[in-house]
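Student: From the sequence below, what's the structure:
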Amino acid sequence: MQKISFFKSIMLTAVISLSFTCLVKAATIDSDRVKYSFNPGWKLYHGDAIGADKADFNDKDWQSITLPHASNEDDAFKVDIHNLSTGISWYRKHFKLPANYADKKIFIEFEGIRQAGEVYLNGEFVGRCENGVMAFGFDLSKYLKFGGTENVMAVRCDNSWTYKEKATNAGYHWNNANFYANYGGIAKNVFLHVTGKLYQTLPLFSTLGTTGIYVYAKDFDIAGKQAIVTAEAQVKNEYPTSKNFQYEVRVDDKDGKTIKTFDGGQNTLAAGETKVFKASAKLSNLNFWSWGYGYLYTVYTIIKVDGKVVDVVKTKTGFRKTEFGNGMVKLNDRVIQMHGYAQRTTNEWPAIGLSVPAWMSDYSNGLAVESGGNLVRWMHVTPWKQDVESCDRVGMIQSMPAGDAEGDSQGRQWQQRLELMRDAIIYNRNNPSIMFYESGNKGVSEEHMKNMKAIRDEYDPNGGRASGSREMLDSKIAEYGGEMLYINKSARIPFWAHEYSRDEGLRTYWDELTPPYHKDGAGPKRKEEPGPYNHNMDSFAAEDVARWFDYWHERPGTGKRVSSGGVNIVWSDSNTHFRGEENYRTSGEVDAMRIAKDAFYAHQVMWDGWVDLANNHSYIIGHWNYVKDVKKNVMVVSTGDKVELFVNGKSKGFGEQSSHFLFTFKDIAFQPGTIKAISYDTKGNKLSETEKKTTGEAVALKLTVHTGPNGLKADGADLALVDIEVVDAVGNRVPTAFNKIDFNLSGPAEWRGGIAHGAPDNFILAKSLPVAGGINRVIIRSSAIPGKITLNAASEGLKTASVTFDSKLFAVDNGLANFIPGSDLTASLKRGPTPAGPSYTVSRIPVTVVSATAGSNAADAEKSYDDNELTSWVNDGTLANAWIKYTFDKPETVSEITMKLNGWRTKKYPIKIKVGDEVVFSGTTKQSLGYVTIPFKATKGSTLTVELAGATAQEDKLGLVEVTGKKDDAGSVGLDPKGKSVLGINEIEIYHKP
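Tutor: Below is the predicted model of the structure:
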């Protein structure tokens, strides 16, 4: 048996659930407060069951489940987003509470329901939540029964795409069949909170009107490892008389060692009063949260009456310093260029949807960090709290939206977006990984941007988070922005691309020379879109390299106006809109089961640095298992200045470099054995090497189990991932194997299966499915009964494989569990703390332009260097007037310019560049996704002139098309006179060397 727990470094003692007679304790602090998992012991019915809200309704034949559990989980990746099952589903739960809880306050917290949930307790209507995204909760105290009497909770869920708010009849902008995969019902965790009548509130504003705890740090001394930490607690007194109490704060490090206890003084609350109290102290020897360094502290906010602790809230948080200015993002005083993923908030898995255990959230998000990612931009709606906390632990920066489909909103729909942002900020403001609040998936008006910033300023004024939106390139209000697909630069607020590299590639296809022999563009087209979006793994990885290069080229250190990077869409293959031949999106750098594609390793090479590359790596794209007489172009991704290729020790020369990181070796003849790539710097010093070997013939199957750190919990919701590999005689995976595997599962577990190419339903829930590239992965769900689970795998002509593992007892008492999902997971500190020193070397310095004149429209000349890409200078369409001259503040020796040209994606400009009167460049500009850089011989002068030297050419070589079939804008700004004698410059920067 092979058993691999997630993150070997995370090995904790099993958490044992406690009964009612032994309440949960916060560290060693006794308190009246207890938090239970309310996930176990639910019943599910698909359809609208009349009378299901009543306590005596007979639900014994309903499906028994443990939350979180989407009502339509079977549809995940089986059908496309538009065809996910919708309608009514009912969830019911029977539970009991001890008699001594009768004088307590009892609240329920739902982390979210899709789309709307109506909650009933013991036959009475408790309340409703309709936004389909955010957490909400209710005070259950007056509805409950205690002692040995059973309580029954019923929740009616409606996940219709057309659901409308009851009070206003307004639909929700984000409940959209293109962007927000519809996994219905109670697909997130549920908790029960028990407190005394003097208690700290929950951060559930819409339904409880309360804001909870707010912990933040200010006055950072990063080098000195100090900051002033403040903990604010909203406290409510529900006693009939006023209460005097002491407020105290305790801060523990990641190992549970108390580093500071500080006093918030003596306070008084009148009967029925709610008020915020705070305490602050300077903390020393701090470990600051950082990229890949999820260092978290536990902050205990404590209420004492007459010296006795009556209420304790435990908040996991981290401390970090942020700055957003001069076109750059700083984390802990160090500039960081964003490189990561625009990921669907549902972050879904086949046959499960979003409802995975917390360890699988860490597994997925941790892999994204391992690929070199430092930012996840969750798209369209606020992420699940489980993913938010996961990103805290793995050290992944987050951009948090509220909710929309695309574009601005008006009327009630805009108010819904504001309310959702308010609730999301209050709920997530203690999570250090969130550094951006996104107001919209497309630009919003200046007035609406003000609205969003006002919410941030009211509820999170000290969290160090920028408020902005996609686009907003000329906004005076937004604190960050950036288009999708294209390169933007700024000397003001940071601009990073919110989605780029949108092509697709199925992991099934290696290249044109490996079965099933996939050429770019092969397969059915969708919505009349061009086939080249449909890649194989070779070209998909190369495309990712080409697309990242433009952002890296304009990184901090390359001028006054810089790019703060961008996020690749998407991280994992997604059950949302698509371009390729599947009914789901295959743009992921990992597939839907989180098995890496070659693009994953390409990113590892390019993204290992805060700005400049910190370490040298190389990676050979593809495999080395071809047949006789095959010749192929071998591609290597490398940080080196040059790369040499060897086949069985014989040099094949140096590769042709493109997009800085990609080296291509033409027509390399396959020979069984070893292919090796060695990279060098310009002086010939070796920087890195990598190799791949030909494997033997496929002879056997191999199974590997992945679980959480303490194994598989028999809670009815925990999952195990099992890898199935086709291997040769010595155990190496055979990359060209596509065998179909037959599985047999026995023991107390449920088969959820995997995903594969070649069936209309993508093999969802099938017990026979093929591997791709020698590997696949399946999901097994535990039952509520512990025991031995055995999985057998067989394939014709191969030695069978079997693996046995245990599911462990999970204690539940009268429907409640003390184990809180994710509480057994610890932070990843793999990348170490924020490095000292600068993250980049200045490679070019812009000259200062004091004025400009032009052959025509001279009044607009300044718009070509005003740090606003939405303004431009364009001549009048006459060739003789197609020139513009820039005057420097002093004579400079210049050697390079970078321009964003009008119509940059679809036009080629024959131009001349003169420094003074000397022509230093004559040629045709390249098309780009934003900026074009033109180097020339270093020449001293006081002016630089750009002039059109002939007719422009119209040609769209990039061919970007939206999923709707609409072509993207060509990149024209302002005037665009007809004809071929038009020169237009949106932005220019002129450089000299340091």
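Student: Can you list the low-confidence ranges for the stretch 301-450 of the chain?
Tutor: Low-confidence segments of the stretch 301-450 of the chain (pLDDT under 70): none present.
Student: likewise the stretch 451-600 of the chain?
Tutor: Along the stretch 451-600 of the chain, the parts satisfying pLDDT under 70 run over 523-532.
Student: which residues in it form helices?
Tutor: For the stretch 451-600 of the chain, helices defined by DSSP state H, counting those that start in this stretch occupy the ranges 537-553, 598-606.
Student: Go through those helices and name the closest to Glu869.
Tutor: Closest approach to Glu869 among the helices of the stretch 451-600 of the chain is made by helix 537-553 (14.4 Å; C-beta to C-beta). Where C-beta positions appear, they are placed from N, C-alpha and C, glycine not excepted.
Student: counting contacts, what elements does the closest one pack onto?
Tutor: strand 497-500, strand 504-505, strand 565-569, helix 598-606, strand 631-638, strand 662-669 (3 or more C-beta pairs under 8 Å, 6 or more residues apart in numbering; DSSP states H and E).
Student: for those, which one ends up most surrounded?
Tutor: Highest mean neighbour count of the helices and strands packed on helix 537-553: strand 565-569, a mean of 28 (counted as mean count of other C-beta atoms under 10 Å).
Student: That strand pairs with which strands?
Tutor: Paired with strand 565-569 in the same sheet, following DSSP bridges, are strand 338-344 (parallel), strand 497-500 (parallel).
Student: could you check the angle helix 537-553 makes with the first one?
Tutor: On the basis of axes from the mean of the first three to the mean of the last three C-alpha atoms, to 10 degrees, strand 338-344 is oriented at 130 degrees to helix 537-553.
Student: Contacts for strand 338-344 next, please.
Tutor: The contact list for strand 338-344 (C-beta atoms under 8 Å, 6 or more residues apart in numbering) reads 179-181, 329, 368, 372-380, 396-397, 484, 494, 496, 498-499, 548, 551, 564-572, 574-576, 589, 603, 606-607.
Student: Nearest to Ile741, out of the strands paired with strand 565-569?
Tutor: Nearest of the strands paired with strand 565-569 to Ile741, taken as C-beta to C-beta: strand 338-344 at 28.3 Å.
Student: so where do the strands sit in the stretch 151-300 of the chain?
Tutor: In the stretch 151-300 of the chain, the strands defined using DSSP state E, counting those that start in this stretch lie at 151-158, 190-195, 198-200, 213-221, 226-237, 243-252, 258-269, 274-283, 297-305.
Student: If you count neighbours, what's buried in the third one?
Tutor: Buried residues in strand 198-200, counting neighbours by 16 or more other C-beta atoms under 10 Å, are found at Leu198, Tyr199, Gln200.
Student: same check, this time on the last one
Tutor: With burial defined by 16+ other C-beta under 10 Å, the residues of strand 297-305 counted as buried are Tyr297, Thr298, Val299, Tyr300, Thr301, Ile302, Ile303.
Student: any idea how far Ala279 is from the fourth one?
Tutor: The reference is to Tyr300. Distance of Tyr300 to Ala279, computed by C-beta to C-beta, to the nearest Å: 11 Å.
Student: Please apply the same query to the fifth one.
Tutor: The gap separating Thr301 from Ala279 is 8 Å, by C-beta to C-beta.
Student: Spell out, range by range, the strands that occur in the stretch 851-994 of the chain.
Tutor: Secondary structure of the stretch 851-994 of the chain (DSSP E, counting those that start in this stretch): strands at 873-874, 883-901, 907-908, 910-915, 918-924, 932-948, 953-954, 984-992.
Student: could the strands of the stretch 151-300 of the chain go into CSV alongside distance to Leu765?
Tutor: Listed next are the strands of the stretch 151-300 of the chain as CSV, based on distance: least, C-beta to C-beta, whole Å:
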stretch, distance to Leu765
strand 151-158, 22
strand 190-195, 26
strand 198-200, 44
strand 213-221, 42
strand 226-237, 46
strand 243-252, 44
strand 258-269, 49
strand 274-283, 49
strand 297-305, 41
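Student: Of all those strands, which one is nearest Gly758?
Tutor: That would be strand 151-158 among those, by C-beta to C-beta, at 33.9 Å.
Student: what comes into contact with the closest one?
Tutor: 48, 52-55, 57, 71, 87-97, 108, 113-123, 144-145, 184-186.
Student: What pairs with it, parallel or antiparallel?
Tutor: For strand 151-158, the paired strands and their directions (DSSP bridges) read strand 88-95 (antiparallel), strand 116-121 (antiparallel).
Student: Okay, angle between the longest one and strand 190-195 too, please.
Tutor: For the pair strand 88-95 and strand 190-195, the angle between their directions (the same axes, to 10 degrees) equals 40 degrees.
Student: How about the contacts made by Ala358?
Tutor: Ala358 touches Gln386, Glu389, Ser390, Gly708, Pro821, Gly822, Leu825, counting by C-beta under 8 Å, 6+ apart.
Student: In space, what's closest to it - neighbours in sequence excluded?
Tutor: Residue nearest to Ala358 in three dimensions, not counting chain neighbours: Gly822, with 3.5 Å by C-beta to C-beta, 6 or more residues apart in numbering.
Student: ok so the one you found is a helix residue?
Tutor: No. In this structure, Gly822 is coil, not part of a helix, as judged by DSSP: H, G, I helix; E, B strand; the rest coil.
Student: Name the nearest residue to Ile747, sequence neighbours excluded.
Tutor: No Ile there; residue 747 is Gly. Using C-beta to C-beta, 6+ apart and skipping the chain neighbours, the partner closest in space to Gly747 is Ile789 (3.7 Å).
Student: isn't the one you found right up against Asn744?
Tutor: No. Using C-beta atoms under 8 Å, Ile789 is not in contact with Asn744, being 11.6 Å away.
Student: more crowded one of these two?
Tutor: Comparing Ile789 with Asn744 by other C-beta atoms under 10 Å, the one with more neighbours is Ile789, at 23 against 13.
Student: confidence score at the more buried one?
Tutor: Per-residue pLDDT puts Ile789 at 98.
Student: What strands line up against the host helix or strand of it, and which way round?
Tutor: Per DSSP states H and E: Ile789 is located in strand 787-794. Applying DSSP bridges, strand 787-794 is found paired with strand 740-746 (antiparallel), strand 801-809 (antiparallel).
Student: neighbouring contacts of the last one?
Tutor: Around strand 801-809, the neighbours that count as contacts under C-beta under 8 Å, 6+ apart are 1-3, 14, 700-705, 707, 710-714, 718, 720, 722, 724, 747-749, 782-783, 785-793.
Student: So what's the gap between that strand and the chain middle?
Tutor: 32 Å (C-alpha atoms, centre = their mean, to the nearest Å).
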